[in-house]
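Chemist: Need a 3D model of the sequence below.
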Amino acid sequence: MLRKILKLLTSRLVFFGILLLIQLVWLLTFLTRLTTYSTGISIVFTLVSLLAVLWIINRGENPAYQMAWIIFILVFPLLGGLFYLLVGNKQPSQKMRRRLEAEQKRTNTALVQDPEVLKAVEELDPRAKGQFAYMSRTCGYPVHQNTQARYFSLGDELFPVLLEELQAAEHFIFMEYFIVEDGRMWNSILEILEEKARADLDVRFLYDDLGSVSLLPPGYDRQLEAKGIKCIAFNPFIPLWSLVMNNRDHRKITVIDGHTAFSGGVNLADEYINEKERFGHWKDTGFMLKGEAVWNYTVMFLQMWNAFRKTDEVYDAFRPECHHPQAFASDGFVQPYGDSPLDEEIAAENVYLNILNQARDYVYIFTPYLIIDHEMDTALCLAAKRGVDVRIVTPGIPDKKVIFQLTRSYYPSLLKAGVRIYEYAPGFLHAKSYVCDDETAVVGTINMDFRSLYLHFECGTLFYRNSIVADVKEDCLHTIERCREMQFKDTRQGFFGSLFCAVLRVLAPLL
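Modeler: You can find the predicted model right below:
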């Protein structure tokens, strides 16, 4: 019955989208014809477009994003500027911005860097210290010791451990996810959440409304509230108005009792644990943290939660040591961090760029999408040209064919520079990770595309001289054995294919 309801909802959304497209085409046709009858109206529209171009240039945004909009306005000079005013703003709405910034400002002292930890990193490698100091000072996420990590090379491996840790919760459970779908994975988790809520644990669940819009029934947050689970549907999807709601919560976070956390690429749907096949074998990764570094994820969640549902005056009751009096074991350095479209700091991309720029021997990369700007393309090529073994693994079976073709359009320049590119033959690779020189690794939610790097709320964890680094490397090498290495001949798409890719490349920041 539920599946029938979801199919009906999906069909209605598609029907609504078609009607909306027809309405927009009619409106554009009407306005275009209107300008032919009045020179004054035509001048007004042209002036709006000119002002929009000047505004775009003056904003100092990513050049690729600027170029895409400027070309669009030049192609449609009468309506391009008006369209930019309607949907071109990639920043969150003022209401969302005010709430999130106020909560972050109110609680900005919750995350404080221990200078002794930074000093310990500096004694090992001053360059590594610079990376951690940037994330700590500029982005507000300290690096920690006294933390152990466990890596999962598949969602299938992560899932049973997640259930075990959820079942062991004694005080609180916080969860924040992009996609939630009815099925074995979510229903197993929900059963435990209901049980813990009945036992008076503080159970909170936050999911992105658009990420799950066709997967959950309307008002699902109220259904969870009725079960005793506190719930927020982030940035609710509203037809028409949601055209300008670019910013989604793409994070995947579970925090248990303040001392245990899970993150990575794994959402709460059955394809992520290969219970259901969508695009062949689903390759995803994640990790579990136990220790002081969990505090970064706790604060990340609480700031998002309290911005929209004021619950906690202070966060101290959720610190790692509150429900774990024993000392935490230490294993290298761990720095969980978040990235937000609220500021002008492209933290996630800067972490990736710093790794590429400092690499000596190798950098292995997992990403489901490869839609990159000039800076990232240059960093990848320069690393390869100076002798670094740069390898990128992307999906072999795409989830979005147009995006897959766009991803492949970036291959030729990278291959020419010496970057080795592999496609995961068994299916779809959803993992997002970097591993470098047997010392550094990043695992998180951050794709190498414009949406993850510029528009979404994301999270990742930077590991340095932690045992998880070797696990990520081993997984990369094992996965590459199951991949098809791409050659120049594989990138040939013919005249019309190349022309289509060129258009896609121009529009990539807008997709």
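
Chemist: Strands of the stretch 301-450 of the chain, residue ranges please.
Modeler: Along the stretch 301-450 of the chain, the stretches classed as strands by DSSP state E, counting those that start in this stretch are 333-339, 362-366, 389-395, 420-424, 427-429, 433-436, 440-444.

Chemist: Same question for the stretch 51-200 of the chain.
Modeler: 147-152, 172-177.

Chemist: so which of the ones you listed gets nearest Tyr272?
Modeler: strand 172-177 (10.4 Å; CB to CB). Using the backbone N, CA and C atoms, a C-beta is placed for each residue, glycine as well.

Chemist: strands paired with that closest one, and their directions?
Modeler: The pairing partners recorded for strand 172-177 under DSSP bridges are strand 202-208 (parallel), strand 253-256 (antiparallel).

Chemist: Single out the most deeply packed of those strands.
Modeler: strand 253-256 (a mean of 26; mean count of other CB atoms under 10 Å).

Chemist: what's the following helix or strand after that strand?
Modeler: strand 260-264 (DSSP states H and E).

Chemist: Can you give me the neighbour number for the closest residue to Lys283 other than its chain neighbours?
Modeler: Distances taken as CB to CB, 6 or more residues apart in numbering put Leu429 closest to Lys283, at 4.5 Å, once the chain neighbours are dropped. Close neighbours of Leu429, defined as other CB atoms under 10 Å, add up to 27.

Chemist: Do I have it right that Leu429 meets Pro368?
Modeler: Yes - counting by CB atoms under 8 Å, Leu429 does reach Pro368; the two are 5.8 Å apart.

Chemist: Now do the shared contacts for those two.
Modeler: Thr394, Pro395 (CB atoms under 8 Å, 6 or more residues apart in numbering).

Chemist: Name all residues that make contact with the closest residue to Arg204 other than its chain neighbours.
Modeler: Once flanking residues are discounted, Arg204 sits nearest to Lys230: 4.6 Å by CB to CB, 6+ apart. Residues near Lys230 by CB under 8 Å, 6+ apart: Asp202, Val203, Arg204, Phe205, Leu224, Arg309, Thr311.

Chemist: likewise Gly396?
Modeler: Per CB under 8 Å, 6+ apart, neighbours of Gly396: Gly280, Glu423, Tyr424, Ala425, Pro426, Gly427, Phe428, Leu429, Cys483, Arg484.

Chemist: Tell me how many other residues surround the fourth one.
Modeler: The criterion is other CB under 10 Å. On that basis, Ala425 has 13 neighbouring residues.

Chemist: Tabulate the strands paired with strand 172-177 in TSV, adding columns for distance to Thr107 and mean pLDDT.
Modeler: Formatted as TSV, the strands paired with strand 172-177 follow (distance: least, CB to CB, whole Å; pLDDT from 0 to 100):
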stretch	distance to Thr107	mean pLDDT
strand 202-208	16	97
strand 253-256	16	98
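
Chemist: Adding distance to Phe496, write those strands out as a markdown table.
Modeler: Shown next, in a markdown table, are those (distance: least, CB to CB, whole Å):
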| stretch | distance to Phe496 |
| --- | --- |
| strand 202-208 | 36 |
| strand 253-256 | 44 |
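
Chemist: which one of the ones you listed lies closest to Leu162?
Modeler: Once the strands paired with strand 172-177 are compared by CB to CB, strand 253-256 is nearest, at 6.7 Å.

Chemist: and the gap between the residue nearest to Asn350 when sequence neighbours are not counted and Leu353?
Modeler: Of all residues not flanking Asn350 in the chain, Tyr134 sits nearest, at 7.1 Å (CB to CB, 6+ apart). With distances taken as CB to CB, to the nearest Å, Tyr134 is found 11 Å from Leu353.

Chemist: domains for this structure, by residue range?
Modeler: The chain is divided into the following domains under automatic domain parsing: 2-87, 94-336, 347-510.

Chemist: any idea which of those domains scores lowest on pLDDT?
Modeler: Mean pLDDT is lowest for domain 2-87 out of the domains of the chain, coming in at a mean of 62.

Chemist: rewinding a little: point out the most buried one among the strands of the stretch 51-200 of the chain.
Modeler: Greatest burial across the strands of the stretch 51-200 of the chain, using mean count of other CB under 10 Å, falls to strand 172-177, with a mean of 24.

Chemist: so where do the helices sit in the stretch 151-300 of the chain?
Modeler: 155-167, 184-198, 220-226, 294-308 (DSSP state H, counting those that start in this stretch).
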